[in-house]
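J.: can't give you the sequence, but here's the structure:
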């Protein structure tokens with residue numbers, strides 16, 4: 001398993017009640033499931049509408065997370 005940083009933005013930050021967390025997972029999908037379980041239904045709902053970048057690259061749930069990577073959780077933003 002890889003470990004790294006998760007950064008929450010906008011509505012994801014509000015739902016998590018934090019700007020950062022850590023991951024300990026093989027894939028993005030595994031990390032997201034653990035985050036949803038740990039932070040509860042509000043974050044789980046927001047995650048369903050987000051885009052995800054890992055080290056600046058847009059990725060999906062099957063993406064294998066790197067050791068020391070940074071996951072950016074980006075909810076839809078208005079006005080743009």
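T.: Perfect, thanks for sending it. Owing to the predicted nature of the structure, the values given are computational and were not obtained by experimental measurement.
J.: hang on, residue 52 in a helix?
T.: No: when classified by DSSP: H, G, I helix; E, B strand; the rest coil, residue 52 is found to be strand rather than part of a helix.
J.: does it really touch residue 75, like I thought?
T.: No: contact status for residue 52 versus residue 75: not in contact, 10.6 Å apart, counting by CB atoms under 8 Å. The C-beta positions use only the backbone N, C-alpha and C, and glycine is treated the same way.
J.: Those two: who's more crowded?
T.: A count of neighbours by other CB atoms under 10 Å puts residue 52 above the other of residue 52 and residue 75, at 20 against 17.
J.: Show me what the more buried one bridges to in the sheet.
T.: Note on residue 52: beta-bridge partners by DSSP bridges are residue 73.
J.: For it, give its distance to residue 36.
T.: As defined by CB to CB, to the nearest Å, residue 52 lies at a distance of 13 Å from residue 36.
J.: quick one, helices of the chain?
T.: Counting by DSSP state H, one finds helices in the chain at the ranges 11-16, 28-39, 41-47.
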